[in-house]
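just a sequence and a predicted model for now, questions to come.
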Amino acid sequence: MALQASSILPSTLSIHKEGKSSFSLKENGFLGVCLNDHHKSDFNPTVLRAKIQFDQKSTSSVGAIRAQTAATAPSVTTATPQGKKTLRKGSVIITGASSGLGLATAKALAETGKWHVIMACRDFLKAERAAKSVGMNKENYTIMHLDLASLDSVRQFVDNFRRSGRPLDVLVCNAAVYLPTAKEPTFTAEGFELSVGTNHLGHFLLSRLLLEDLKQSDYPSKRLIIVGSITGNTNTLAGNVPPKANLGDLRGLAGGLNGLNISSMIDGGEFDGAKAYKDSKVCNMLTMQEFHRRFHEETGITFASLYPGCIATTGLFREHIPLFRLLFPPFQKYITKGYVSEEESGKRLAQVVSEPSLTKSGVYWSWNKDSASFENQLSQEASDAEKAKKVWELSEKLVGLA
Ligand SMILES: NC(=O)c1ccc[n+]([C@@H]2O[C@H](COP(=O)([O-])OP(=O)(O)OC[C@H]3O[C@@H](n4cnc5c(N)ncnc54)[C@H](OP(=O)(O)O)[C@@H]3O)[C@@H](O)[C@H]2O)c1
């Protein structure tokens, strides 16, 4: 495991509540630990009317949103008046498209005019305002309610999406929560620790259910993308900043992560919010590879993950103190040089969605300093096929698929 010279930089910036700052190598419940990952590591589309029904009885804060459809799925090619055949718009679901990477990707795809983006978000109004704020044209997107911290909501989203009559060509599992300063665990509707429950288990159920829809797509390249992170990869300096990702023997996951008679952490250890996020990202990357092994050959679907770079300005860091949020972007920009803008990260993820050159399955994509994509290597744990199989099987049980 070789450390890149350019990575030998202070990897975390500790800002104490009193406002004093210092460098330290402990994450301190603090940083997304984004360092420069610019090196190969050694180590006529459907007309949809969405009708929002705020179900007073729903436990969801936003309420259930039901999609009503007034059309059939379009065919993959449509004829122009000149008789020339053109590809229909691709249809892509992006979870967590109300901010950060998800929103930037939605914008990048929508403005090509070649994609209809289904923004799968837990806060409908926030998503609508976000889409408007970046100038997305209404005909290029639909917002549908999805709360990944509720398996019922995931199932309802899938039902609503199917009722819309739209095809599914690409699914992007992007949403995430990061709770580095949490002292105690919080839980999803089903009682799973919130970070792993949302980032991994919610997406696991969503992608397993929507696999059937992807299989039915007649689009030339259908893809399932699960956003990963350098922080879950211990073959990088960033991934070596404590607390490190480590799924251990999965005893906590096997026990349901409920924090009652079993730990809320996957490895069975004491709760640590920063570690729970990193563990969830390892699960994301393992899940992508397990999908690839099980379904790529049979379905032709491209399964991929990526590290988009350190997008230091996003809402992911919202749990941190204001001073941190002020200093983190310049720290990443000028010291670690790992910073990418939201716009650039959106272009990167949009490439993984749509670029004909990125159809290879089972790949974890990264970008070099010239913003050129390359196949990166995952850490030993994040590429452990035996562990991936176990995570898959335990997750199936937890989400009610087995
Ligand atoms: N920022 C970085 O430096 C960085 C680096 C590597 C990887 N990533 C990855 O990039 C992805 C996007 O993160 P980001 O930086 O763009 O953060 P962000 O701006 O906070 O976006 C996260 C999105 O997830 C949504 N979300 C959270 N909980 C949800 C739930 N229960 N159900 C549905 N949606 C939910 C949020 O919705 P609300 O708007 O309603 O809160 C938000 O839209 C994540 O997978 C993250 O791990 C980020």
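Sure, I can see it.

hey, let's count contacts and neighbours off CA atoms from now on
Noted.

from what I see, residue 291 and residue 303 are in contact.
Yes. Taking contact to mean CA atoms under 8 Å, the distance of 6.8 Å between residue 291 and residue 303 places them in contact.

which of those two has more neighbours?
residue 303 (28 against 23; other CA atoms under 10 Å).

could you list every residue that touches that one?
Contacts for residue 303 (CA atoms under 8 Å, 6 or more residues apart in numbering) come out as 223-225, 288-289, 291-292, 296, 360-363.

buried by neighbour count, from those residues: which ones?
Buried by 16 or more other CA atoms under 10 Å: 223-225, 288-289, 291-292, 296, 361-363, out of the contacts of residue 303.

restricted to strands, list those residues.
The subset of those located in strands under the criterion DSSP state E comprises 223-225, 363.

list the buried residues in stretch 207-220.
For stretch 207-220, a neighbour-count test (16+ other CA under 10 Å) marks 207, 209-211, 213-215, 217, 219 as buried.

same deal with stretch 171-185?
Residues of stretch 171-185 classed as buried under the neighbour-count rule (16+ other CA under 10 Å) are 171-181, 185.

the residues you listed: which ones sit near the ligand?
Contacts with the ligand within these, as defined by CA under 6 Å from any ligand atom: 174-177.

closest to the ligand out of these?
Checking those against the ligand by CA to the nearest ligand atom gives residue 175 as the nearest, at 3.3 Å.

the ligand contacts on the stretch 101-250 of the chain?
Within the stretch 101-250 of the chain, the residues that sit near the ligand (CA under 6 Å from any ligand atom) are 101-102, 121-123, 146-149, 174-177, 198, 227-229.

again, 8 Å this time
Proximity of the stretch 101-250 of the chain to the ligand is assessed by CA under 8 Å from any ligand atom, with 101-103, 120-123, 126-127, 146-150, 173-178, 198-199, 226-231 identified as the residues in range.

which among the residues you listed count as buried?
Among those, those scoring as buried are 101-103, 120-123, 127, 146-150, 173-178, 198-199, 226-231 (criterion: 16+ other CA under 10 Å).

need the contact list for the nearest residue to residue 358 once chain neighbours are set aside.
Spatial nearest neighbour of residue 358, chain neighbours left out: residue 352 (6.0 Å); criterion: CA to CA, 6 or more residues apart in numbering. If you count contacts by CA under 8 Å, 6+ apart, residue 352 has them with 225, 304, 358-359.

same question for residue 396.
With contact set as CA under 8 Å, 6+ apart, residue 396 has these partners: 205, 402.

from the chain's centroid, how far away is the helix or strand harbouring it?
Taking DSSP states H and E as the criterion, the element that holds residue 396 is helix 385-398. Average the C-alpha atoms of helix 385-398, do the same for its chain, and the two points are 19 Å apart (CA atoms, centre = their mean, to the nearest Å).

can you get me a residue count around residue 325?
A count of nearby residues for residue 325, using other CA under 10 Å, gives 18.

hmm, back to that, show me the contacts of residue 352 that map onto strands.
The subset of these that ends up in strands is 225, 304, with DSSP E as the criterion.

for the helix or strand where residue 152 lies, buried residues please.
Assignment of secondary structure by DSSP H and E places residue 152 within helix 151-164. For helix 151-164, the neighbour count (16+ other CA under 10 Å) marks 151-158, 160-162, 164 as buried.

low-confidence ranges, the stretch 1-150 of the chain, go.
Flagging of the stretch 1-150 of the chain using pLDDT under 70 yields the residue ranges 1-75, 77-85.

try the stretch 201-350 of the chain
Applying pLDDT under 70 to the predicted model, the stretch 201-350 of the chain contains no residue that meets it.

tell me the helices and strands packed up against the next helix-or-strand element following the helix holding residue 152.
Downstream of helix 151-164, the first helix or strand assigned by DSSP H and E is strand 170-173. Secondary structure elements in contact with strand 170-173, counted by 3 or more CA pairs under 8 Å, 6 or more residues apart in numbering; DSSP states H and E, are strand 90-95, helix 203-216, strand 223-227.

and residue 249, which of the ones you listed is closest to it?
helix 203-216 (19.6 Å; CA to CA).

now what about that closest one, what contacts it?
The set of residues that contact helix 203-216 without belonging to it, under CA under 8 Å, 6+ apart, is 148, 151, 154-155, 158, 167-171, 173, 222-224, 287, 299, 301, 395-396, 399.

extract the C-alpha trace of that helix and format it as PDB.
Listed next in PDB are the C-alpha coordinates belonging to helix 203-216 (Å, rounded to 0.1, in the frame of the first residue of the first chain):
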ATOM      1  CA  HIS A 203     -30.600   2.000  -1.700                       C
ATOM      2  CA  PHE A 204     -30.200  -1.800  -1.600                       C
ATOM      3  CA  LEU A 205     -34.000  -2.300  -1.600                       C
ATOM      4  CA  LEU A 206     -34.600   0.400  -4.200                       C
ATOM      5  CA  SER A 207     -32.000  -1.000  -6.600                       C
ATOM      6  CA  ARG A 208     -33.100  -4.600  -6.100                       C
ATOM      7  CA  LEU A 209     -36.700  -3.700  -6.900                       C
ATOM      8  CA  LEU A 210     -35.900  -1.500  -9.800                       C
ATOM      9  CA  LEU A 211     -33.500  -4.100 -11.400                       C
ATOM     10  CA  GLU A 212     -36.600  -5.600 -13.000                       C
ATOM     11  CA  ASP A 213     -37.500  -2.200 -14.600                       C
ATOM     12  CA  LEU A 214     -33.900  -1.700 -15.800                       C
ATOM     13  CA  LYS A 215     -34.000  -5.200 -17.400                       C
ATOM     14  CA  GLN A 216     -37.000  -4.200 -19.400                       C
END
